[in-house]
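J.: Need coordinates for the below:
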Amino acid sequence: MIYDFNKIEEKWQKYWATNQTFKAENQSEKPKYYVLDMFPYPSGAGLHVGHPLGYIASDIYARYKRHQGFNVLHPQGYDSFGLPAEQYAIQTGQHPAVTTADNIKTYRRQLDQIGFSFDWSREVRTSDPQYYKWTQWIFIQLFNSWYNNDTNKAEDISTLENIFASEGNANVNAVCDDNIAPFTAEAWQGFSSEDKQKVLLQYRLTYLAETEVNWCPALGTVLANDEIVNGVSERGGHPVLRKKMTQWSMRISAYAERLLQGLNTIDWTDSLKESQRNWIGKSVGASVTFNVKDSDAVIDVFTTRPDTIFGVSFMTLAPEHELVAQLTTPAKS
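T.: All right, here's what the predicted structure looks like:
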């Protein structure tokens, strides 16, 4: 007999779509199982081989767990907001909303042709306002919060304003900027509205700060370290510069210990947990201050091995360190 795969695949894929065979039920007596894939960038004319390479493995596992009697949630979506989609639109001379919508249609058709068991009722498109309104909402919640070390949680910024109004900031135990000038309740009452907001920005969980970033003039955007290969942008091969820019930052370090402890409660492999610990990057050590010869300047150095401090023979400053201009001679600068 001839295996007419085109006819058979078409028949069953149509049946799956009509009957929503792979839809996960919100209310079910079955045990739950969640299989999540990395969403593809719809920034090209179609899928590349790397997409199904990963999806095939996870789809096999999703089907396996369904056969074991699990209520499997296996969603799919599109990481359609950002640099890849923007650059594809520029290259093709079209609006990104147009190219993204067209590419998603192609990706969806190709994914269905392969026969993946995705629950398409839960499709996510990160460029959809109904999706990213929630990322904006999260930002607003963080902006309107400060981290109280005494209660070990984030609290509404209004509670901090009440403390300032009643007793100043001397007794506030918060995750905040370094070297904040102390002030009394009377001084707070006398601050202008603008000055109060500047003080609060030193405590908010999201705040504006001048930080050194990877700036790519050709792409017109800041790049993450993993988007740079051999000093140029991974996308397009454009030069990347290190420069200081005013950026929104987040006091995520406030949650470092809770993130670390949380890793002990989830069923992940040891290797994956270790990679997460390395990403969180918590180190335990000491901060040591070195005096600079013939200068009033000092250099603060963090070390995880203070017991080896007497073996120090030299130290290196990052090129962007503020003391570089003061300590280097014209011949060495």
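J.: Give the buried residues for the helix or strand of the chain with the lowest mean pLDDT.
T.: Using mean pLDDT, DSSP states H and E, helix 83-92 stands out as the lowest-scoring helix or strand of the chain, at a mean of 81. Using 16 or more other CB atoms under 10 Å as the test for burial, helix 83-92 gives 83-89. The C-beta positions use only the backbone N, C-alpha and C, and glycine is treated the same way.
J.: List the contacts of residue 272.
T.: By CB atoms under 8 Å, 6 or more residues apart in numbering, the contact list for residue 272 is empty.
J.: Go ahead and name everything in contact with stretch 152-171.
T.: 142, 144-148, 172, 174, 180, 182-185, 187-189, 196, 199-200, 203-205, 254, 258.
J.: now the helices: where do they sit in the protein?
T.: Counting by DSSP state H, the chain has helices at residues 5-19, 50-67, 83-92, 96-114, 129-143, 157-167, 185-190, 193-201, 256-262, 270-280, 324-327.
J.: and the second one with helix 96-114, angle?
T.: This means helix 50-67. Orientation check (axes from the mean of the first three to the mean of the last three CA atoms, to 10 degrees): helix 50-67 against helix 96-114 gives 50 degrees.
J.: Ends of stretch 189-205, what's the gap?
T.: 23 Å (CA to CA, to the nearest Å).
J.: Quick one: residues contacting residue 21.
T.: Neighbour list for residue 21: 15, 117 [criterion: CB under 8 Å, 6+ apart].
J.: Need the per-residue pLDDT for it.
T.: The model reports residue 21 with a pLDDT of 95.
J.: Ok, residue 332 next?
T.: pLDDT, residue 332: 67.
J.: quick one: the residue nearest to residue 305 when sequence neighbours are not counted and residue 307, what's the gap?
T.: Nearest in space to residue 305, with sequence neighbours left out and distances taken as CB to CB, 6 or more residues apart in numbering, is residue 285 at 7.1 Å. To residue 307, residue 285 is 10 Å away according to CB to CB, to the nearest Å.
J.: how about residue 59, what does it touch?
T.: By CB under 8 Å, 6+ apart, the contact set of residue 59 is 74, 116-118.
J.: From residue 304, how far off is the residue nearest to residue 305?
T.: Residue 285 is 4 Å from residue 304, by CB to CB.
J.: Same question for residue 60.
T.: 43 Å.
J.: Mind listing the residues bridging to the residue nearest to residue 253 when sequence neighbours are not counted?
T.: Nearest non-adjacent residue to residue 253, counting by CB to CB, 6+ apart: residue 175, 7.1 Å away. Beta-bridge partners of residue 175, counted by DSSP bridges, are residue 147.
J.: what's the distance between residue 175 and residue 68?
T.: Applying CB to CB to residue 175 and residue 68 gives a distance of 44 Å.
J.: So those two - more neighbours on which side?
T.: With neighbours defined as other CB atoms under 10 Å, residue 175 and residue 68 compare such that residue 175 has more, 16 against 11.
J.: Let me see the contact set for the more buried one.
T.: 146-147, 149, 205, 251, 253-254.
J.: Please pick the buried ones from those.
T.: Here, 16+ other CB under 10 Å leaves 146-147, 205, 251, 254 buried among the contacts of residue 175.
J.: can you redo the residues you listed as JSON lines with pLDDT and distance to residue 39?
T.: Listed next are those as JSON lines, based on pLDDT from 0 to 100; distance: CB to CB, whole Å:
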{"residue": "146", "pLDDT": "98", "distance to residue 39": "33"}
{"residue": "147", "pLDDT": "97", "distance to residue 39": "30"}
{"residue": "205", "pLDDT": "97", "distance to residue 39": "27"}
{"residue": "251", "pLDDT": "93", "distance to residue 39": "28"}
{"residue": "254", "pLDDT": "91", "distance to residue 39": "28"}
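J.: so which of those comes closest to residue 23?
T.: Closest approach to residue 23 among these (CB to CB): residue 205, at 37.0 Å.
J.: Nearest residue to that closest one in space, please, no chain neighbours.
T.: Counting by CB to CB, 6+ apart, the nearest residue to residue 205 once its immediate chain neighbours are dropped is residue 142, at 4.3 Å.
J.: Over to residue 38?
T.: Per CB to CB, 6+ apart, closest to residue 38 is residue 54, 6.9 Å.
J.: Now do the same for that neighbour: its pLDDT.
T.: Per-residue confidence (pLDDT) for residue 54: 90.
J.: and the gap between it and residue 24?
T.: 20 Å.
J.: between those two, who's got more neighbours?
T.: Using other CB under 10 Å as the criterion, residue 54 and residue 24 rank with residue 24 on top: 21 against 12.
J.: For the residue nearest to the more buried one when sequence neighbours are not counted, give me its contacts.
T.: Computed as CB to CB, 6+ apart, the closest residue to residue 24 that is not its neighbour in sequence is residue 73, at 4.0 Å. Applying CB under 8 Å, 6+ apart, we find residue 73 in contact with 24, 32-35, 119, 122.
J.: Are any of those residues buried, and if so which?
T.: By 16+ other CB under 10 Å, the contacts of residue 73 give 24, 33, 35, 119 as buried.
J.: any idea which of these is the one closest to residue 111?
T.: Using CB to CB, residue 119 is the member of the buried ones among the contacts of residue 73 that sits closest to residue 111, with 12.5 Å.
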